[in-house]
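A.B. asks: What shape does this take:
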Amino acid sequence: MSECTWRAVAEAAAESGRSRPAVHATLPAEFVLLHGAGGGAWEWGRWVRLLQAQGCAVHVPDFSRRCAADALADARAFPRLRTELLGRLQLKSGCVLVGASLGGLLAATMADTLQARALVLLNPAIPAATAQPRQGSVVMHGNRPWGLRASVGGTRDAISELHPVDVLQVFRRWSDCGQQLLAEVGEGIDVPRPLMPCLLLCSDSDAEIPADGVRRLAADWSAQLQWLRGSHVAPVLGAEAAVAVAQTLAWLRGLDPNTGRTRSDG
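C.D. replies: Alright, predicted model coming up:
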């Protein structure tokens, strides 16, 4: 991405900074990346390489087994998963917190507790206060049990952005997510308005998360909303991953370290 494009993205970042000035040192800093339902730490490969190339520290917890059908089958699956993750991330206070899909909803509920410097959400599951009665599924591949109908061809069809080399990896690693956890997310999770700057990166062809819900969320949280091309997983697994990383870093660099607002806001 050219320097001109980077500057344009940075200048377009919205005023969403409400966090304490002390929380903002030099940006970017350490990143914590939270994956979505069905995925795992492996899905952040492009992000990890690109962020590390910029000198950023990256931490990618894998909680895919905890999302599995037999791991969180009882009620209150989402709060249990959130509590477990907070325990694992207690030393990551002050990080830049990034979450995709289900991971985006988890990140939003954890950001204030972790005193995150900034919150970046990629096609996040919509919180209860913003979601409509029927908000759209967070289950990939046509809302079907993936493990029962998995095929290389089905993977290619479901995620058209995948490079042929990546199709086999996703086919082998994608997994089902517990229905109790997904049901709780579908019913809506209460999320307080985050205190820190927030960036929403959303796909224009996302069939899982409704665009109007994303727009309402951006308005409710005074968050910066930027659109990407592709499907629900494009910002992580598709070619748009590099664009998403570039936009994230440009937005972070546009934040004033003393105020948490964009420098262009004065």
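
A.B. asks: and Ala41, what does it touch?
C.D. replies: Listed by Cβ atoms under 8 Å, 6 or more residues apart in numbering, the contact partners of Ala41 are Leu33, His35, Val60, Pro61, Asp62, Ser64. Any C-beta I mention is one placed from the backbone N, CA and C, and that applies to glycine too.

A.B. asks: mind checking how far Val236 is from Trp227?
C.D. replies: Applying Cβ to Cβ, to the nearest Å, the value for Val236 to Trp227 is 16 Å.

A.B. asks: more crowded one of those two?
C.D. replies: Val236 (26 against 12; other Cβ atoms under 10 Å).

A.B. asks: thinking the more buried one is in contact with Glu43, fair?
C.D. replies: Yes - the criterion here is Cβ atoms under 8 Å, and Val236 meets it with Glu43 at 5.4 Å.

A.B. asks: show me where pLDDT drops low in this protein?
C.D. replies: 1-28, 67-75, 129-179, 256-266 (pLDDT under 70).

A.B. asks: Three-state assignment for Leu249, please.
C.D. replies: Following DSSP: H, G, I helix; E, B strand; the rest coil, Leu249 is assigned to helix.

A.B. asks: What's the separation between it and Gly87?
C.D. replies: 29 Å.

A.B. asks: And the two? Which one has more around it.
C.D. replies: Between Leu249 and Gly87, counting by other Cβ under 10 Å, Leu249 is the more crowded of the two (22 against 8).

A.B. asks: In JSON lines: the contacts of Ala41, plus distance to His232 and secondary structure.
C.D. replies: Formatted as JSON lines, those follow (distance: Cβ to Cβ, whole Å; DSSP: H, G, I helix; E, B strand; the rest coil):
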{"residue": "Leu33", "distance to His232": "16", "secondary structure": "strand"}
{"residue": "His35", "distance to His232": "13", "secondary structure": "coil"}
{"residue": "Val60", "distance to His232": "19", "secondary structure": "coil"}
{"residue": "Pro61", "distance to His232": "21", "secondary structure": "coil"}
{"residue": "Asp62", "distance to His232": "20", "secondary structure": "coil"}
{"residue": "Ser64", "distance to His232": "17", "secondary structure": "helix"}
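
A.B. asks: and which of those is nearest Ala244?
C.D. replies: Minimum distance to Ala244 across the contacts of Ala41 is 11.4 Å, recorded for Leu33 (Cβ to Cβ).

A.B. asks: Just confirm that closest one contacts Gly104, I think it does.
C.D. replies: No - Leu33 lies out of contact with Gly104 (Cβ under 8 Å); the separation is 10.7 Å.

A.B. asks: quick one, which of the two is more surrounded?
C.D. replies: Between Leu33 and Gly104, counted using other Cβ under 10 Å, the more crowded position is Gly104 (29 against 25).

A.B. asks: For Ala244, which non-adjacent residue is closest in space?
C.D. replies: Leaving aside its chain neighbours, Ala244 sits nearest to Pro235 (4.0 Å; criterion: Cβ to Cβ, 6 or more residues apart in numbering).

A.B. asks: before we move on, which element is that neighbour in?
C.D. replies: helix 234-237 (DSSP states H and E).

A.B. asks: Output that helix as PDB, nothing but the C-alphas.
C.D. replies: C-alpha atoms of helix 234-237 as PDB (Å, rounded to 0.1, in the frame of the first residue of the first chain):
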ATOM      1  CA  ALA A 234     -12.100 -12.500   3.800                       C
ATOM      2  CA  PRO A 235     -10.400 -10.100   6.300                       C
ATOM      3  CA  VAL A 236      -8.600 -13.100   7.900                       C
ATOM      4  CA  LEU A 237      -8.300 -15.900   5.400                       C
END
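
A.B. asks: which helices and strands sit right next to that helix?
C.D. replies: With contacts taken as 3 or more Cβ pairs under 8 Å, 6 or more residues apart in numbering; DSSP states H and E, helix 234-237 sits against helix 45-53, strand 198-203, helix 240-253.
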